[in-house]
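Student: predicted model follows, preceded by the sequence.
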Amino acid sequence: QVQLVESGGGLVQAGGSLRLSCVASGRILEHYAVGWFRQAPGKEREFVAAIVWNGGTTDSADSVKGRFTISRDTAQKTVYLQMNSLEPEDTAVYYCAVQVQGWRLRGKYDYWGQGTQVTVSS
């Protein structure tokens, strides 16, 4: 069983930056993947970025490439999402999730956090 707690969301002006954190408890194996997803009001949840726990593979959505960076600290069991050049369209609840399978970064995830709100004002 894995528990996830996100933090770091808030209100920021367009062009600003935020760093989201996702702290995991429970057993995380090297082949697990940790992903960030977001859901805006009235829209479906969408993939943002993901990283395999051993750090060898990452993936990110085209809409955030060059602006968002995913990284992890294995000692702290924490995954970060550094978000720069934020746009109003980035406004959403951001969730982190763990995939036990670990090789389909845009596939189904098994454990989810409660989410953190990010609001970008224009």
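Tutor: Yes, it's here.

Student: what comes into contact with stretch 36-46?
Tutor: Among residues not part of stretch 36-46, those counted as contacts by Cβ atoms under 8 Å, 6 or more residues apart in numbering are 20, 22, 47-50, 61, 70, 79, 81, 90-97, 109, 115, 118. Heads up, the C-betas are built off the backbone N, CA and C, glycines and all.

Student: ok, His31 touching Asn54?
Tutor: Yes - the pair His31 and Asn54 qualifies as a contact (Cβ atoms under 8 Å) at a distance of 6.9 Å.

Student: any idea of the pLDDT on Glu6?
Tutor: Glu6 carries a pLDDT score of 97 in this model.

Student: residues near it, how many?
Tutor: Other residues within reach of Glu6 by the criterion other Cβ atoms under 10 Å amount to 23.

Student: what pairs with it across the strands?
Tutor: For Glu6, the beta-bridge partners are Cys22 (DSSP bridges).

Student: that one: what's it in contact with?
Tutor: Contact partners of Glu6, counting by Cβ under 8 Å, 6+ apart, are 20-22, 94-96, 113-116.
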